[in-house]
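Novice: just to be clear, the model below is a prediction. Sequence and coordinates:
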Amino acid sequence: DAGVIQSPRHEVTEMGQEVTLRCKPISGHNSLFWYRQTMMRGLELLIYFNNNVPIDDSGMPEDRFSAKMPNASFSTLKIQPSEPRDSAVYFCASSPRQGNQPQHFGDGTRLSIL
Amino acid sequence: KQEVTQIPAALSVPEGENLVLNCSFTDSAIYNLQWFRQDPGKGLTSLLLIQSSQREQTSGRLNASLDKSSGRSTLYIAASQPGDSATYLCAVKISNFGNEKLTFGTGTRLTIIP
């Protein structure tokens, strides 16, 4: 089992640029989650999908953020235009849809916006 | 709104000691509670998941308890080892049907002193 795979591991870009983060969930998992982790706010859920359909995007901070899941094995989180306050570690996690199953996390993308 | 608190934020203990990490939550209507471990530069690893109908779960030297009525959970680590050094986070899943959201605490950074 390869686990949840995120790319890139690190991203440094200038303010105003478009940033795309990628995630490959564990095969067979129906739910996919995008989180953001900062020292100030801890771990926050941005959006999650069930069976490729966005269920709750109330954590997406603003319209500059968008997420897609075109198929069961791939998801993207896009920030356009990026701002310095978007600097954080972004995690993707997946889980089976059944209720009492833990979420499995990727190693995250450390994003720095200059 | 569910709020999850972990105190203390940091803890240092000598190797070999038993220790307890605390987690409290404001809304007792939870579906389950999970304990995760996070190593520096890594994602979260699920340690234990306690269903709302359960009182405790055990895995090796780890034991997690749940008291829904008082809104508390503890993670007990027996015979601590330097390899246990990490940040430990608890998270609760609310009981709304079909809602997969987890609300995380801010974590306790544990250091085991050799």
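Specialist: Perfect, I can see it now.

Novice: for the worst-scoring helix or strand of chain B on mean pLDDT, which strands pair with it and how are they oriented?
Specialist: Across the helices and strands of chain B, mean pLDDT, DSSP states H and E gives its lowest value to strand B:102-104, namely a mean of 91. Counting by DSSP bridges, the strands paired with strand B:102-104 are strand B:86-94 (antiparallel).

Novice: give me the contacts around the strand it pairs with.
Specialist: Contacts of strand B:86-94 with the rest of the structure, by Cβ atoms under 8 Å, 6 or more residues apart in numbering or on different chains, involve A:43, B:2, B:4, B:6, B:21, B:23, B:25, B:27, B:29-39, B:44, B:47, B:73, B:75, B:99-110. Every residue, glycine included, has its C-beta placed from N, CA and C.

Novice: center of chain A, which residue is that?
Specialist: A:Trp34 (3.1 Å; Cα atoms, centre = their mean).

Novice: quick one: buried residues of the helix or strand where A:Ser75 lies?
Specialist: Under the criterion DSSP states H and E, the helix or strand holding A:Ser75 is strand A:74-79. Along strand A:74-79, these residues count as buried under the neighbour rule (16 or more other Cβ atoms under 10 Å in any protein chain shown): A:75, A:77, A:79.

Novice: do stretch A:34-45 as well
Specialist: Using 16+ other Cβ under 10 Å as the burial criterion, the residues of stretch A:34-45 that qualify are A:34-37, A:42-43, A:45.

Novice: could you tell me the end-to-end distance of stretch A:62-82?
Specialist: Start-to-end span of stretch A:62-82 (Cα to Cα, to the nearest Å) is 11 Å.

Novice: same check, this time on stretch A:23-33
Specialist: End-to-end distance of stretch A:23-33 (Cα to Cα): 10 Å.

Novice: what of stretch B:17-32?
Specialist: From start residue to end residue, stretch B:17-32 stretches across 28 Å - Cα to Cα.

Novice: contacts for it next, please.
Specialist: Residues outside stretch B:17-32 that contact it (Cβ under 8 Å, 6+ apart) are A:99-100, B:1-7, B:11, B:13, B:33, B:35, B:49-52, B:68-69, B:71-80, B:88, B:90, B:92-95, B:103, B:105, B:108, B:110.

Novice: run a quick neighbour tally on the nearest residue to A:Phe105 once chain neighbours are set aside.
Specialist: Among residues not flanking A:Phe105 along the chain, B:Gly43 sits closest, at 3.4 Å (Cβ to Cβ, 6 or more residues apart in numbering or on different chains). By the measure other Cβ atoms under 10 Å in any protein chain shown, the count of residues near B:Gly43 is 22.
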